[in-house]
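K.L.:
Need the 3D shape of this:
(one chain, ligands or ions: 2)
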Amino acid sequence: MRNVIVTDVPRAEIEKVDKLAEYGVATVHEALGRTGFLGPQLRPVHLGSRIGGTAVTVLSWPGDNLMIHAAVEQCRPGDVLVVTTTSPSTDGMFGELFATALQVRGVRGLVTEAGVRDVAELHEMGFPVWSRAVSAQGTVKATAGAVNVPITIGGQLVKPGDAILADDDGVVVVPRQDVDRAVEASQARVEKEEKTRAAFRDGELGLDRYGLRAKLAELGVQYVTAEEYGL
Ligand SMILES: O=C([O-])CC(=O)C(=O)O
Ligand SMILES: [Mg+2]
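P.N.:
Residues are numbered from 1 along each chain as shown. Ligands and ions are numbered 1, 2, ... in the order given. So this is what the prediction gives:
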């Protein structure tokens, strides 16, 4: 690992990222072929937020938030800070002081594979956070790491400038070069689901709409009466 702070990173177009955020995490993830989801361990600390932004990435040592301080300076309006550690850690390396510094820079939220603290204050401030843990455990500022290098978080590669979308369903990354395709595919999916929703409201079954009766038959699934089943 090189200990670097990369500056002037090209970012995904923020208007398109905003559009993706409106579609929501599940829709965008599905529209891109079920890719990019950071997994169920990264949960919102408070429910009810839906954000999109461009990634500023941080690779920190466990229990050490020095590189988050370095990253704050690299943040611009529309960014989301994305933090991982070089080995697993749940220490509370981020709290309301960092959130204050980020909020004045127009940062939209934090996604971290480590822990956060001061969660009552974060809620009051309206600063949304997705993390693996809530932990009061304090950390130091002692070890070098990297800012704005490609990182792996939640099993996904996140490059600086990629689109990050987060809501109550979790977090998804959309590579910068895939943002246009994601907007198109998400819009198509929303339109398709609108039609499906209307059909379901009219009482149509998924079994019929998706042709799943044939699938069940093909798989050898049989209908038997309760009596035949011995109930
Ligand atoms: O300062 C720290 O180490 C983390 C924290 O609690 C804050 O940002 O408020
Ligand atoms: Mg604090």
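K.L.:
give me the residue from this protein nearest ligand 1.
P.N.:
Here the chain gets closest to ligand 1 at one residue, residue 95, 2.7 Å apart by Cβ to the nearest ligand atom. (C-beta placed from N, C-alpha, C; glycine too.)
K.L.:
count of neighbours near the nearest residue to that residue once chain neighbours are set aside?
P.N.:
Nearest residue to residue 95, sequence neighbours excluded (Cβ to Cβ, 6 or more residues apart in numbering): residue 118, at 3.6 Å. Residues within reach of residue 118, counting by other Cβ atoms under 10 Å, total 20.
K.L.:
Quick one: residues contacting residue 118.
P.N.:
Residues near residue 118 by Cβ atoms under 8 Å, 6 or more residues apart in numbering: 95, 96, 97, 99.
K.L.:
Filter the residues you listed to keep only those in contact with ligand 2.
P.N.:
Taking Cβ under 5 Å from the ion as the test, ligand 2 is in contact with residue 95 out of the contacts of residue 118.
K.L.:
Just the buried ones out of the contacts of residue 118, please.
P.N.:
Buried members of the contacts of residue 118, scored by 16 or more other Cβ atoms under 10 Å, are 95, 96, 99.
K.L.:
picking that back up, mind putting the contacts of residue 118 in JSON lines, secondary structure and pLDDT included?
P.N.:
Shown next, in JSON lines, are the contacts of residue 118 (DSSP: H, G, I helix; E, B strand; the rest coil; pLDDT from 0 to 100):
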{"residue": "95", "secondary structure": "coil", "pLDDT": "98"}
{"residue": "96", "secondary structure": "helix", "pLDDT": "98"}
{"residue": "97", "secondary structure": "helix", "pLDDT": "98"}
{"residue": "99", "secondary structure": "helix", "pLDDT": "98"}
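K.L.:
Just give me the neighbour total for residue 66.
P.N.:
Counted with other Cβ under 10 Å, the neighbours of residue 66 add up to 18.
K.L.:
got CSV for the contacts of residue 118, with distance to residue 159 too?
P.N.:
As requested, those are arranged in CSV below (distance: Cβ to Cβ, whole Å):
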residue, distance to residue 159
95, 27
96, 29
97, 28
99, 24
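K.L.:
can you redo the buried ones among the contacts of residue 118 as JSON lines with distance to residue 123?
P.N.:
Formatted as JSON lines, the buried ones among the contacts of residue 118 follow (distance: Cβ to Cβ, whole Å):
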{"residue": "95", "distance to residue 123": "12"}
{"residue": "96", "distance to residue 123": "10"}
{"residue": "99", "distance to residue 123": "10"}
